[in-house]
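1. What shape does this take:
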Amino acid sequence: QPPMAGAPTLFETQRIADVGISVAWEVDVFGALEAHRSAAQADATEALWLRRQVEAAVAAGTVRAYVDLQASVGREARQAERVDALAAIADRLRRAHELGALARDTVDQAIAALEAQRAGLPQLSAQTRNAARRLAVLTGETPQYGTEVIA
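-> Residues are numbered from 1 along each chain as shown. Got it, this is the predicted structure:
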């Protein structure tokens, strides 16, 4: 074929259709490409199992926080009921003492028992709030306890 005007001169083995085309490939003589592919596949599998492990840990933490919250709410409610009952008992004993039917030390013992039960309420309330916070963090919700938003 005659060369085109302005085109570079062709070599004897070239045709115009072959100009500018080159093909390159890497021969995997020692298996390096296969080793890299296998390593990448192993990394992807490991990432999948790590993700599943995190999902299981979050699910377990959520269940644990929910159970803790329910138990704490129950303990707090029972403690409040005890405080109310002891307050009523202490009040009756106080009235009995005022009427002269009871010694003062019995009233003092009832008041001490009442105050001991009352002293445990803040700790139980804090445990309930903490369990509610943990559950809220794990579920992505705004922490709430009762009707108030926990800050």
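2. what's the neighbour count on the spatially closest residue to Gln127 that is not a sequence neighbour?
-> Take Gln127 and drop its neighbours on the chain: the residue closest to it by Cβ to Cβ, 6 or more residues apart in numbering is Ser72, 4.7 Å away. Yep, even glycine has a C-beta here, placed from its N, CA and C like the rest. Neighbour count for Ser72, taken as other Cβ atoms under 10 Å: 20.
3. Can you list the residue ranges for helices in this structure?
-> Taking DSSP state H as the test, the helices found in the chain are 32-98, 104-119, 121-139.
4. Pipe these into CSV and attach mean pLDDT per row.
-> CSV is the format used below for these (pLDDT from 0 to 100):
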stretch, mean pLDDT
helix 32-98, 93
helix 104-119, 95
helix 121-139, 93
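5. Need the winner for burial among those helices.
-> Mean neighbours per residue, mean count of other Cβ atoms under 10 Å, is largest over the helices of the chain for helix 121-139, with a mean of 17.
6. If you count contacts, what does it end up packed against?
-> helix 32-98, strand 144-145 (3 or more Cβ pairs under 8 Å, 6 or more residues apart in numbering; DSSP states H and E).
7. Distance check, Thr45 against Pro122.
-> 50 Å (Cβ to Cβ, to the nearest Å).
8. ditto for Leu102
-> 31 Å.
9. Same question for Leu138.
-> Distance from Leu138 to Pro122, by Cβ to Cβ: 25 Å.
10. Nearest residue to Ala110 in space, please, no chain neighbours.
-> In space, Ala110 is closest to Ala90, 4.3 Å off (Cβ to Cβ, 6+ apart).
11. Spit out the contact partners of the closest residue in space to Thr128 that isn't next to it in sequence.
-> Using Cβ to Cβ, 6+ apart and skipping residues adjacent in sequence, the residue nearest Thr128 is Ser72, 4.2 Å away. Going by Cβ atoms under 8 Å, 6 or more residues apart in numbering, Ser72 touches Leu124, Gln127, Thr128, Ala131.
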